[in-house]
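A.B. asks: got a predicted structure here, sequence first:
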Amino acid sequence: MTISQTVPRGAVAVRRRRRIRISTVVWFTLPAAAIMLLVLGVPLVYSFYYSLTGWSLVVPGSDQDFIGLLNYTDVLRSSEFWASIRVTLIYAVVAVSLECALGILFAVLLNLEFFGRGLFRSLMLIPMVITPAVVGIFWKLLYEQDSGVFNYLLGTLGFEPVPWLSLTVALASVIIVDVWQSTPFFTLIILAGLQSLDRDTVSAAQADGANALQVFRYLTLPHLVPYIMIAAAFRIIGVMADFDKIFLLTLGGPGNVTTTLSVYAYNTGFKVFDIGRTTAISWIYVVFVLAISAPLIWRLFRGASVNRH
């Protein structure tokens, strides 16, 4: 038998085994996919339908009032909606940027050899595992202007109390809370990236005369880029959906300075009881989050596929 005859047969056998593996994977995942489609897909279809209606809980029978895209046009023309978009973007950009910078710093420090490193790594995870509702209540007690812990400490040092949840400081205070809770997530992901860094490459660079800053700039940081992108993608989606902490701390106020898109949707649905408009806001929110996070996720997967090839 010649080589020209055996190669095609081998290629056919490889393709056949690949098809069998793919079909096996499909059959095993089909039940879970069907359940997910039923649990998530059906409510999504219903919500999109109701976003095309004038359904209001205070108007009986309004769920059958089909009005087309009127809810979407009304929302997009609303100044309150665009104000919530602005607050959401400020909140997301500032919080994720600070979390990324602090996460890199803490990951580098926790990657060093020192006594009690395991204890510090364990303590670092505590803010991340606390539920957002508890975080909101806890920090509201800290932020209290008259009896809060922060202003008490400032008073003992001779400083005037700070109105942490006032019109000018409320958004910054909410960002501080999110940074405190979510920086450990960045630290954990980046620390995993540091653990996978090739030590021989670092040793070779140091032997060639590279200092610590040069090693970090040209070796460590490029290696951490995929890990930073993964953490950033998850946090962008999470911070834009943040509701519990903001609502418990400020109720979206004072005024609308902390009214993010999720708080705006809540107020429309549970204060005005306009369900059709609320579902339209929710669908706009989905498109908004996808438009921001999709390029980052696409670049991440594209980089991973290029590295595999």
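C.D. replies: Nice, I can see it.
A.B. asks: what are the boundaries of the helices in the stretch 1-150 of the chain?
C.D. replies: 3-36, 42-50, 70-76, 79-110, 117-124, 126-129, 132-143, 149-156 (DSSP state H, counting those that start in this stretch).
A.B. asks: how about the fourth one: buried residues?
C.D. replies: Judged by neighbour count (16 or more other C-beta atoms under 10 Å), helix 79-110 contains these buried residues: 81, 84-85, 87-88, 91-92, 94-96, 98-100, 102-104, 106-108, 110. (Each C-beta comes from the backbone N, C-alpha and C, glycine too.)
A.B. asks: again, but for stretch 31-51
C.D. replies: Under the neighbour-count criterion of 16+ other C-beta under 10 Å, stretch 31-51 has 47, 50-51 buried.
A.B. asks: what do you get for stretch 183-197?
C.D. replies: 183-191, 193-194.
A.B. asks: ok, now stretch 155-173?
C.D. replies: Applying 16+ other C-beta under 10 Å to stretch 155-173 flags 164-165, 169-171, 173 as buried.
A.B. asks: send me it as PDB with only the CA atoms.
C.D. replies: Presented in PDB, the C-alpha positions along stretch 155-173 are these (Å, rounded to 0.1, in the frame of the first residue of the first chain):
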ATOM      1  CA  GLY A 155     -13.600  64.300  64.600                       C
ATOM      2  CA  THR A 156     -11.000  62.700  66.900                       C
ATOM      3  CA  LEU A 157      -8.300  64.100  64.500                       C
ATOM      4  CA  GLY A 158      -9.800  67.600  64.600                       C
ATOM      5  CA  PHE A 159     -11.400  67.600  61.200                       C
ATOM      6  CA  GLU A 160     -14.900  68.600  60.300                       C
ATOM      7  CA  PRO A 161     -17.400  65.800  59.400                       C
ATOM      8  CA  VAL A 162     -17.800  65.000  55.700                       C
ATOM      9  CA  PRO A 163     -21.300  64.600  54.200                       C
ATOM     10  CA  TRP A 164     -20.300  61.300  52.500                       C
ATOM     11  CA  LEU A 165     -23.700  60.800  50.800                       C
ATOM     12  CA  SER A 166     -24.400  64.400  49.900                       C
ATOM     13  CA  LEU A 167     -25.000  65.800  46.400                       C
ATOM     14  CA  THR A 168     -21.300  66.400  45.700                       C
ATOM     15  CA  VAL A 169     -19.700  63.300  47.300                       C
ATOM     16  CA  ALA A 170     -22.300  60.600  46.900                       C
ATOM     17  CA  LEU A 171     -21.100  59.100  43.600                       C
ATOM     18  CA  ALA A 172     -17.500  59.100  44.800                       C
ATOM     19  CA  SER A 173     -18.600  57.300  48.000                       C
END
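A.B. asks: just give the closest residue to residue 260, not the sequence neighbours.
C.D. replies: Excluding its sequence neighbours, the residue lying closest to residue 260 (C-beta to C-beta, 6 or more residues apart in numbering) is residue 88, at 4.5 Å.
A.B. asks: report the separation between that neighbour and residue 101.
C.D. replies: With the distance defined as C-beta to C-beta, to the nearest Å, residue 88 ends up 21 Å from residue 101.
A.B. asks: same check, this time on residue 201
C.D. replies: As for residue 201, its distance to residue 101 is 25 Å (criterion: C-beta to C-beta).
A.B. asks: same deal with residue 31?
C.D. replies: For residue 31, the distance to residue 101 - C-beta to C-beta - is 44 Å.
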